[in-house]
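> Any chance you could fold what I've pasted below:
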Amino acid sequence: MTNSSSFNRGLYFEEFEVGQKITTVGRTVAESDIFTFAGFSGDYNQIHTDAEFSKSTPFGQRVAHGLLGLSIASGLAMRTGVLEGTVIAFREINNWKFVNPVFIGDTIHVEMEVVETKALPRIGGGSVVITLDVKKQSSETVMKGNWTVLVMSRP
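Residues are numbered from 1 along each chain as shown. Next up is the predicted model:
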């Protein structure tokens, strides 16, 4: 397992290997995160923003927006540094599943694994497919799927 302190700069395409695993640091989801996300997304659904209403739902409490969790996962992945200065573009999200809820106070982290690399000489790099498993403090998966990123080749 590799952690974020191992990287001084992003990895170039040639440095990614199938089977490579990276685990991010954790981040606790706060009530303020939910309201900030509701504000910029416009999604004020009561399941996210109304504590009393949420008591009557199957979850029994407010849940973080699924896309908020995805956004935090993206930030955690970037914090590892592996794509710092070497990513060309975030290309695709595939087979993404929202498996379990994220509640206020949950701490999530991301377990990443490189599952495919494909050289794309015309862009000066290649495509890297990474499986992400977003877990909360109980080790329960909350969301998972694959990301495809375009990464530059070594100069």
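> If I follow the layout properly, W96 ends up in contact with T148?
No: when contacts are counted by Cβ atoms under 8 Å, W96 is not listed as touching T148 (11.9 Å). To be clear about C-beta, it is placed using only N, CA and C from the backbone, and glycine gets the same treatment.
> quick one: buried residues of the longest strand seen in the chain?
Looking across the chain with DSSP state E, the single longest strand is strand 107-120. In terms of neighbour count (16 or more other Cβ atoms under 10 Å), strand 107-120 has its buried residues at I108, H109, V110, E111, M112, E113, V114, T117.
> Name the residues linked to the second one by a beta bridge.
In other words, H109. Per DSSP bridges, the residues bridged to H109 are K135.
> Run through the residues that contact it.
T23, T24, V25, G26, R27, L76, V134, K135 (Cβ atoms under 8 Å, 6 or more residues apart in numbering).
> and the fifth one, what does it touch?
The reference is to R27. R27 sits in contact with I72, G75, L76, T107, I108, H109, where contact means Cβ under 8 Å, 6+ apart.
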